[in-house]
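> Based on what follows, work out the 3D shape:
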Amino acid sequence: MDILGRIRHLRKTLRINQKEFAMKIGLTQTSLSMIETDKSVLTERNIKLICKTFTVNEEWLRYGKGEMFDSLTVFERKLLKVFGQLTFDTQKLMVDFAENLLRIQEKQMVKK
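Have a look, this model is predicted:
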C-alpha cells in the first residue's frame, strides 16, 4: 500500500468521510479527493497536518513502517513540544526537577 492508500485506510479506520477529514486539515473535499486519486500532489505540509491532527505515526504514513497511530498521549506530545522550546539549560533544570519529583513520589508510595 502506498501513502495515498494509507491515507484512505486511515480515513476509513477513523470512520470519517473525505469532507470531514479534509476539513480537519484545512482542505476541501475536492482537494483531498484529488490527492487520494493521485491527481494532485500531497505536500509536506499536508503530511505534517495529517500526522498532527490525527496523531498518526509519520513513519507509518510515509513508508508503512510501525504502528498507524503514535503511542504518545496528547499530554506527552504537549510536554515534548514545550520541552523542545526551552533552552538547553532550562531543559536540564526541568529534567533535574522531574527526577526529584519522581524520588519524592517513590518515597510516598513506599510509606503507603
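> Just to check, Gly64 is in contact with Arg6?
Yes. With contact defined as C-beta atoms under 8 Å, Gly64 reaches Arg6; the gap is 6.4 Å. Where you see a C-beta, it was placed from the backbone N, CA and C, and this is true even at glycine.
> Neighbour count for those two, which is higher?
Neighbour totals were compared for Gly64 and Arg6, and Arg6 leads with 19 against 14 (other C-beta atoms under 10 Å).
> Can you give me the neighbour number for the residue nearest to that one when sequence neighbours are not counted?
Leaving out its chain neighbours, the residue that sits closest to Arg6 by C-beta to C-beta, 6 or more residues apart in numbering is Leu61, at 5.7 Å. Residues contacting Leu61 under the criterion other C-beta under 10 Å number 22.
> same deal with Glu20?
Neighbour number of Glu20 under other C-beta under 10 Å is 13.
> Could you do Gly5 as well?
Neighbour tally, Gly5, other C-beta under 10 Å: 11.
> Tell me the confidence at it?
Looking at Gly5, its pLDDT stands at 95.
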